[in-house]
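Chemist: I'd like to go over a predicted model; first the sequence, then the structure.
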Amino acid sequence: MRNFILLCVLSVLAAGFVSCRKINEATQFNLTYSTSLAVPSASIVVSTTQDFVTDEMATGIAEKFKQNGTSFGAFGSNTMKFAEDAGFKVEIKAPAPQAPSMVAALDQFLAKATK
């Protein structure tokens, strides 16, 4: 009788160990969060800006940060819209015809601010 009980207990433990390992193996997977894209430099010429649209998500930035006289800068229409929708005044905007880069926009802003 003892042998039978011992055999049952060992069978249950072995089955549990094997099934737990199988469940663990079945639920493990790797996700790759990066993508690469190679464009040969001689094959294409692009001279345009691109806005990438992403899903909307709540950040709570307006509750965590107050403008308090800080000058905000934004590069791209989506970034500007996000900052303005959060209630911030964007004073440095790029790209623009007179400021095609953020460096040019900052340079113009600082030139106006120091006059």
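Modeler: Looks like it came in fine.
Chemist: packing partners of the helix or strand where residue 111 lies?
Modeler: Residue 111 belongs to helix 102-113 when assigned by DSSP states H and E. If you count contacts as 3 or more CB pairs under 8 Å, 6 or more residues apart in numbering; DSSP states H and E, helix 102-113 packs onto strand 72-75, strand 90-94. Where C-beta positions appear, they are placed from N, C-alpha and C, glycine not excepted.
Chemist: put together a markdown table for those strands, with mean pLDDT and distance to residue 108 on each row.
Modeler: Converted to a markdown table, the helices and strands packed on helix 102-113 look like this (pLDDT from 0 to 100; distance: least, CB to CB, whole Å):
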| stretch | mean pLDDT | distance to residue 108 |
| --- | --- | --- |
| strand 72-75 | 92 | 11 |
| strand 90-94 | 93 | 8 |
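Chemist: any chance of the ones you listed in a markdown table, plus mean neighbour count and distance to residue 111?
Modeler: Converted to a markdown table, the helices and strands packed on helix 102-113 look like this (neighbours: other CB atoms under 10 Å; distance: least, CB to CB, whole Å):
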| stretch | mean neighbour count | distance to residue 111 |
| --- | --- | --- |
| strand 72-75 | 17 | 14 |
| strand 90-94 | 18 | 12 |
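Chemist: mind putting those into a markdown table with distance to residue 36?
Modeler: Conversion of these to a markdown table gives the following (distance: least, CB to CB, whole Å):
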| stretch | distance to residue 36 |
| --- | --- |
| strand 72-75 | 23 |
| strand 90-94 | 27 |
